[in-house]
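*Asks:* no FASTA, just this:
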């Protein structure tokens with residue numbers, strides 16, 4: 001079990017995953033959860049902190065507190081994305097983002113798509129230093145990615161457990177998806193809803209896929225990537241039909257992917273600047289037949305004073321035979 005939990009991965013994969021997660025945190029503040037800053041206008045009596053907020057305990061959000069958290073978290077997340085001071089910046093981002101989520105989810109609604117992301121932020125500081133493109137393997141980084149993967153799969157499995165616990169079998173045969181389409185459906189969802197019993201079949205399929213999601217750990221690497229691709233396609237359909245985004249969950253799920261192969265900066269440099277020798281070879285004109293130097297037929301492979309014979313050296317087109 002310990003061997004599986006600490007399976008070594010390339011440090012480049014850890015570095016890429018770290019950069020992606022911290023950049024997503026910065027994007028989350030300004031794109032997905034900027035509404036958290038509006039919570040300061042809500043009366044403090046409506047603030048009912050989660051259990052962790054009651055145990056610590058954490059203060060009731062104020063405009064000053066939320067503003068400081070926002071700007072500090074935005075700056076530190078961007079710095080952490082560079083890979084510098086991974087432990088110091090990593091723990092700071094983890095603590096601030098946890099408080100940001102406690103504020104966001106303490107007014108009556110808790111989103112389960114944040115679980116994998118929070119776990120990733122908690123374990124990334126333990127992975128140590130990692131550079132993009134580094135192929136050396138690290139068990140600490142492998143443990144961080146594996147724990148994040150477990151959190152991602154737990155999100156699916158426990159979601160199915162919650163559906164059956166609170167909704168029972170009626171969740172499978174009821175009108176859950178129909179109500180979602182009525183509330184926030186798209187034109188594509190309206191077309192799907194017209195097919196008899198298709199929504200019921202989809203509800204059975206959702207629960208089945210969530211319950212079977214732990215099988216991803218039993219598959220060989222190629223099939224595991226295919227199953228993760230299916231997970232992403234499921235969320236693409238969800239966004240296209242009922243406009244529900246699981247962006248934090250999708251970011252955490254990249255822990256399954258060989259991210260060390262994705263190097264956009266290297267690709268961009270290759271497009272902007274080619275190797276000079278390669279460019280010279282590419283831009284050189286093709287030699288014409290009359291420009292090729294030839295050796296007379298009656299001349300031997302070597303003449304007096306010309307050095308040793310080079311019978312084993314093939315002549316190059318465009319230059320005389322010999323050294």
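*Replies:* Thanks, I have it. Just so we're clear, the structure is a prediction, and the values are computed from it rather than from any experiment. Residues are numbered from 1 along each chain as shown.

*Asks:* any chance you could map the strands in this protein?
*Replies:* Secondary structure of the chain by DSSP state E: the strands cover 9-10, 137-138.

*Asks:* Quick one: mean pLDDT for the first one?
*Replies:* Strand 9-10 shows a mean pLDDT of 96.

*Asks:* Verify the stated contact: residue 52 with residue 102.
*Replies:* Yes - using Cβ atoms under 8 Å, residue 52 is in contact with residue 102, at 6.5 Å. For glycine as for every other residue, the C-beta is placed from the backbone atoms N, C-alpha and C.

*Asks:* In a markdown table: the strands of the chain, plus distance to residue 129 and mean neighbour count.
*Replies:* Shown next, in a markdown table, are the strands of the chain (distance: least, Cβ to Cβ, whole Å; neighbours: other Cβ atoms under 10 Å):
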| stretch | distance to residue 129 | mean neighbour count |
| --- | --- | --- |
| strand 9-10 | 13 | 23 |
| strand 137-138 | 9 | 18 |
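
*Asks:* right, so of these, which gets closest to residue 229?
*Replies:* The minimum distance between residue 229 and the strands of the chain falls on strand 9-10, with 19.3 Å, by Cβ to Cβ.

*Asks:* Residue 152: what's it in contact with?
*Replies:* Counting by Cβ atoms under 8 Å, 6 or more residues apart in numbering, residue 152 makes contact with 116, 249, 252, 253, 255, 256.

*Asks:* For burial, what's the neighbour tally of the closest residue to it other than its chain neighbours?
*Replies:* Closest residue in space to residue 152, ignoring its immediate chain neighbours: residue 116 at 4.3 Å, by Cβ to Cβ, 6 or more residues apart in numbering. Using other Cβ atoms under 10 Å, residue 116 has 27 neighbouring residues.

*Asks:* Do you know the pLDDT at residue 116?
*Replies:* 97.

*Asks:* now swap in the one 4 residues further on and tell me
*Replies:* For residue 120, the pLDDT comes out at 98.

*Asks:* and what of residue 323?
*Replies:* 40.

*Asks:* ok, the residue nearest the centre of the chain - contacts?
*Replies:* Centroid check for the chain by Cα atoms, centre = their mean gives residue 254 as the closest residue, at 3.4 Å. Neighbouring residues of residue 254 by Cβ under 8 Å, 6+ apart: 17, 20.

*Asks:* now it: how far from residue 56?
*Replies:* Residue 254 is 30 Å from residue 56, where distance means Cβ to Cβ, to the nearest Å.

*Asks:* Tell me, please, the helix or strand in this structure that averages the lowest pLDDT.
*Replies:* helix 276-283 (a mean of 52; mean pLDDT, DSSP states H and E).

*Asks:* can you redo the strands of the chain as TSV with distance to residue 218?
*Replies:* Listed next are those as TSV, based on distance: least, Cβ to Cβ, whole Å:
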stretch	distance to residue 218
strand 9-10	19
strand 137-138	23
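
*Asks:* Tell me which of these lies nearest to residue 206.
*Replies:* strand 9-10 (30.7 Å).

*Asks:* List the contacts of the closest one.
*Replies:* Applying Cβ under 8 Å, 6+ apart, the external contacts of strand 9-10 come out as 134, 135, 136, 137, 138, 141, 142, 145, 260.

*Asks:* And the residues you listed, which of them are buried?
*Replies:* Among the contacts of strand 9-10, those classed as buried by neighbour count (16 or more other Cβ atoms under 10 Å) are 134, 138, 141, 142, 145, 260.

*Asks:* Quick one: residues contacting the fifth one.
*Replies:* Contacts for residue 145 (Cβ under 8 Å, 6+ apart) come out as 9, 13, 14, 17, 255.

*Asks:* quick one: which of these sit in helices?
*Replies:* 13, 14, 17 (DSSP state H).

*Asks:* Check the gap between the nearest residue in space to the last one that is not next to it in sequence and residue 28 for me.
*Replies:* Closest residue in space to residue 17, ignoring its immediate chain neighbours: residue 259 at 5.5 Å, by Cβ to Cβ, 6+ apart. Residue 259 sits 19 Å away from residue 28, going by Cβ to Cβ.

*Asks:* what do you get for residue 22?
*Replies:* 10 Å.

*Asks:* out of the two, which sits in the more crowded spot?
*Replies:* Higher neighbour count among residue 22 and residue 28: residue 22, with 26 against 23, using other Cβ under 10 Å.
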